[in-house]
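# Would you be able to build a 3D model of this:
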Amino acid sequence: MMLHMKVGYTYIMTNRKDGVLYVGVTSDLVKRVYEHKTHAVKGFSDKYNTDKLVYFEQYDDIYDAIQREKTIKHWVRQWKINSIEKENPDWRDLYDDILR
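Numbering: from 1, shown residues only. Predicted structure coming up:
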């Protein structure tokens, strides 16, 4: 019997280019980014105003996304910046892109 695997996303939010970085994981990227933008969840992201989505990866299985989040969180800052700049050199907020 095959179990239905839930899609997952690993993502990076920031407050500005070269600013504070927040690495997260979710099964609903649009909803989670909206929560960051509206400060719906109190904590690190709210405190540092990390409300711009600058990087994300999609996985067919949420467990793969969770593992990737753990890996990225252990990276040195420069590796995170390199990943962002490879895919999004201008550090654009990608939120409007994921709404489409």
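
# Now the residue nearest the centre of the chain. Nearest residue, chain neighbours left out?
Residue closest to the average C-alpha location in the chain (CA atoms, centre = their mean): Tyr11, at 1.6 Å. Distances taken as CB to CB, 6 or more residues apart in numbering put Phe56 closest to Tyr11, at 4.0 Å, once the chain neighbours are dropped. Any C-beta I mention is one placed from the backbone N, CA and C, and that applies to glycine too.

# OK, contacts around the residue nearest to the centre of the chain?
Residues near Tyr11 by CB atoms under 8 Å, 6 or more residues apart in numbering: Val23, Gly24, Val25, Thr26, Leu29, Arg32, Val33, Leu53, Tyr55, Phe56, Glu57.

# again, 7 Å this time
The contact partners of Tyr11, by CB atoms under 7 Å, 6 or more residues apart in numbering, come to Gly24, Leu29, Leu53, Tyr55, Phe56.

# now Asp18
With contact set as CB under 7 Å, 6+ apart, Asp18 has no partners.

# can you do 8 Å?
Per CB under 8 Å, 6+ apart, neighbours of Asp18: Ile81, Trp91.

# Can you read off the pLDDT for it?
Asp18 is assigned 92 on the pLDDT scale.

# Can you verify it is assigned to a helix?
No. Assignment of Asp18 by DSSP: H, G, I helix; E, B strand; the rest coil gives coil, placing it outside any helix.

# what packs against the helix or strand bottoming out on mean pLDDT in the chain?
Lowest mean confidence among the helices and strands of the chain (mean pLDDT, DSSP states H and E): helix 44-47, at a mean of 93. For helix 44-47, the elements it packs on are strand 21-26, judged by 3 or more CB pairs under 8 Å, 6 or more residues apart in numbering; DSSP states H and E.
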